[in-house]
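Asker: Compute the structure for the input listed below.
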Amino acid sequence: MKIVSYASHTSTWHFAFAEAALALALKKQGHEILYISGGNNYGLKSNLMQEQIIKNEFGFDGYTIDQAITDKDWGKIQSILDSTTKENYEKLTILGIPIAKIALYEFLLNRKKTEIKFSDYDWKECQTHIKYTIISFYACISILKKEKPDVVLLYNALYSVNRVWELVCKHYHIKVYFIHHGLNLKEMDKRLIVAKGNQIEFYNYLIKIWSHVKNLPVPVENLKIVTEHVKELFKATHYLVYSAPKSESNLQIRKLLKIKDNQKIITATMSSYDEIYTAEYVGARKIPKDVIFNDQIDWIKNIVNYVKTREDLFLIIRVHPREFPNKRESVQSDHALKLKKIFWKLPDNVCINWPTDNISIYDLCQVTNVFLNAWSTVGVEMGLLGLPVVLYSKDLILYPADLNYLAKNKNDYFRKIETALKNGWNYNRVKYAYRWLSLLHSSCTYPFRVLDTQPNNAFSIPHYQKVSLNEKIQRLLPVQVKQILSQILVKVPFTDVGKNQIQDCIRQKITNIDIAKVEKMLLKSSNTLVNIKDLRQQAPRVAVENLQIRRELKVIYEALFPGKNNLRNIKKTGNNLKYNLYRITRNL
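Answerer: Numbers count the residues shown, from 1 in each chain. Presented below is the predicted three-dimensional model:
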């Protein structure tokens, strides 16, 4: 196969290295690899030094996108930019592709926007994104016509300069696959997802085939991998985890939030709007308009009205940590401001859990009887602990709705809450959540590197996130100066510029990676790496899976509730989760 590997974000080493490692493995199998990079055309997204290291170390043929753009195309690009304004940019469509809207993907996410409203300062930033995306678009058309590849590979097809490649490839009926690090926090820097199209299509495909795989028991090793991911969620040290870490000495949530002993606890977990809004705005996702509740504020208001007259219930409204400044972003969302204005006065049996309270979801789950979820992954995570979760829409989530209770209408929603309160904890939820996460973490990925020489939690603080003095100095320089300087310094002995990147490449060259299932997927034009026939053959006996899940639950129990326990004392505390986990694991 002739494969174009399009590397647009080479300034982020773990993106650039991952896609290059896949290309190298395919090259070793005899496939023709053409490495196309951003060069100095994408500002801070680009790193010429890292592009050159990859080309030199892996021996890739290729060129930068500007070399593919003709003078005529540069003229078109400038003409489009000159005529594009704040008022008309949404009309900028070529080949049916809304280029300018797609260009705002990163801007909307970084600013946590939930509506289109620009200041003059905002618009200048948007113009830069539009420029990069148009350049990427014209380069893509030129390269596809010239090179006629069988397959195009790119990292994260939702990024604006990559999204136009995805859509242009589809327009010309060329296979396009996105690459992404695996979603298991413990294994993330060892495994890659490779799948057709983009991430939204990836999730939708998995949900589509879920009915064919959900009754297949999961191998022991896959169950262990899921548990390692859960333990990382408890610790909350990974930069992708928004929640606070689980407290070392379990918090007395009832005392802290003034909840009576006889009250059952419902926790409503809200979600951030910017991600779902942005995906819809750029055309990557369709959000239904006919859901049970108009929006999350309407949803919360209805739950509050339901609970306020019920002395036997207590409602905790958990605002998603992404709505506020956190360890990943320094911006507060528009939606957060609305929440502050609306929920300043609540009934006595309702409280808001703000991110600033620094309470972990894994402290709340120890006392919560039922979770109500908007569209966050909490629905899977709490299901894995056996706790009931109620949904108001299957179209907002990116996991199978049958992991939770799903309501048909507003009356049914509150009936489902009552059913969940009555039925309580259930082992089958644990089993199916493990199977879903095994599908996501193992069956959809392949191991692309060996990190035995790295620290156990290499991805938490990998070398490419550590900042050297040279890098700190270079960050103060203009992009063009930095690009030139880094290319010079990498050739100068003792500067250590590019040393870690070169070492990564050297290690990868001597690592033998089995990519047979990746090759098979690309040749057959399959959607993902999942092979249902293989899953059936690999499935152990149900008894083996059940025993191992109980063992995994024991690991989770010991992480959640360290120290010695006995059933009588646990029962007295009224801790539903602790009691059920101990009960199902105590004889192991």
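Asker: Could you pull out the helices in the stretch 351-500 of the chain for me?
Answerer: Along the stretch 351-500 of the chain, counting by DSSP state H, counting those that start in this stretch, helices occupy 361-364, 378-384, 410-423, 427-438, 469-475, 479-489, 499-509.
Asker: how about low-confidence regions in this protein?
Answerer: Residues of the chain meeting the criterion pLDDT under 70: 327, 329, 451-496, 566-575.
Asker: any idea how it splits into domains?
Answerer: 2-181+450-512, 250-426 (automatic domain parsing).
Asker: Now render these as TSV, adding mean neighbour count and distance to Ser442.
Answerer: C-beta here means a position set from N, CA and C on the backbone, and glycine is covered the same way. Output for those, formatted as TSV (neighbours: other Cβ atoms under 10 Å; distance: least, Cβ to Cβ, whole Å):
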stretch	mean neighbour count	distance to Ser442
domain 2-181+450-512	18	14
domain 250-426	18	15
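Asker: hmm, back to that, to Ala103, which of the helices of the stretch 351-500 of the chain lies closest?
Answerer: Closest of the helices of the stretch 351-500 of the chain to Ala103 is helix 479-489, at 18.6 Å (criterion: Cβ to Cβ).
Asker: if I read this right, Asn423 contacts Val389, doesn't it?
Answerer: No. In this structure Asn423 lies outside contact range of Val389 using Cβ atoms under 8 Å: 12.0 Å.
Asker: For burial, what's the neighbour tally of the nearest residue to His212 once chain neighbours are set aside?
Answerer: Nearest non-adjacent residue to His212, counting by Cβ to Cβ, 6 or more residues apart in numbering: Ile532, 5.7 Å away. Neighbourhood size, Ile532 [other Cβ atoms under 10 Å]: 12.
Asker: any idea which helix or strand comes after the lengthiest helix in the chain?
Answerer: Taking DSSP state H as the criterion, the chain has its longest helix at helix 120-147. Using DSSP states H and E, the next helix or strand after helix 120-147 towards the C-terminus is strand 151-155.
Asker: Measure how that following strand sits relative to helix 120-147, angle-wise.
Answerer: Angle, strand 151-155 to helix 120-147, by axes from the mean of the first three to the mean of the last three Cα atoms, to 10 degrees: 150 degrees.
Asker: Leaving aside the residues adjacent along the chain, what's closest to Glu57?
Answerer: Nearest to Glu57 is Cys505, by Cβ to Cβ, 6+ apart, at 3.6 Å.
Asker: Surely the one you found touches Phe58?
Answerer: Yes. Between Cys505 and Phe58 there is a contact at 6.4 Å, judged by Cβ under 8 Å.
Asker: got a list of what the residue nearest to His212 touches?
Answerer: If a contact means Cβ atoms under 8 Å, 6 or more residues apart in numbering, then Ile532 has Ile209, His212, Val213 as its contacts.
Asker: for the second one, helix, strand, or coil?
Answerer: Under DSSP: H, G, I helix; E, B strand; the rest coil, the three-state class of His212 is helix.
Asker: Looking at the domains of the chain, which is nearest to Ala543?
Answerer: If you check each of the domains of the chain against Ala543 by Cβ to Cβ, domain 250-426 wins as the nearest, at 19.1 Å.
Asker: end to end, how far does the closest one reach?
Answerer: 23 Å (Cα to Cα, to the nearest Å).
Asker: hey, where'd the strands end up in the stretch 201-350 of the chain?
Answerer: 264-269, 313-318, 350-353 (DSSP state E, counting those that start in this stretch).
Asker: Would you reformat those strands as a markdown table and include distance to Glu552?
Answerer: Formatted as a markdown table, the strands of the stretch 201-350 of the chain follow (distance: least, Cβ to Cβ, whole Å):
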| stretch | distance to Glu552 |
| --- | --- |
| strand 264-269 | 23 |
| strand 313-318 | 26 |
| strand 350-353 | 28 |
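Asker: Return the residues in contact with the residue lying closest to Glu381 once chain neighbours are set aside.
Answerer: Using Cβ to Cβ, 6+ apart and skipping residues adjacent in sequence, the residue nearest Glu381 is Leu233, 6.6 Å away. With contact taken as Cβ under 8 Å, 6+ apart, Leu233 is in contact with Leu185, Val241, Ser243, Tyr362, Glu381.
Asker: how near is the second one to Arg322?
Answerer: Taking Cβ to Cβ, to the nearest Å as the criterion, Val241 is separated from Arg322 by 11 Å.
Asker: contacts for stretch 549-562?
Answerer: Contacts for stretch 549-562 (Cβ under 8 Å, 6+ apart): 223-224, 226-227, 230-231, 234, 246, 250, 362, 366, 385, 430-431, 434, 577-578, 581-582, 584-585, 588.
Asker: one more time with 6 Å
Answerer: Contacts to stretch 549-562, defined as Cβ atoms under 6 Å, 6 or more residues apart in numbering, come from residues Leu223, Thr227, Val230, Lys231, Phe234, Tyr434, Lys578, Leu581, Ile584, Thr585, Leu588.
Asker: All set, thanks.
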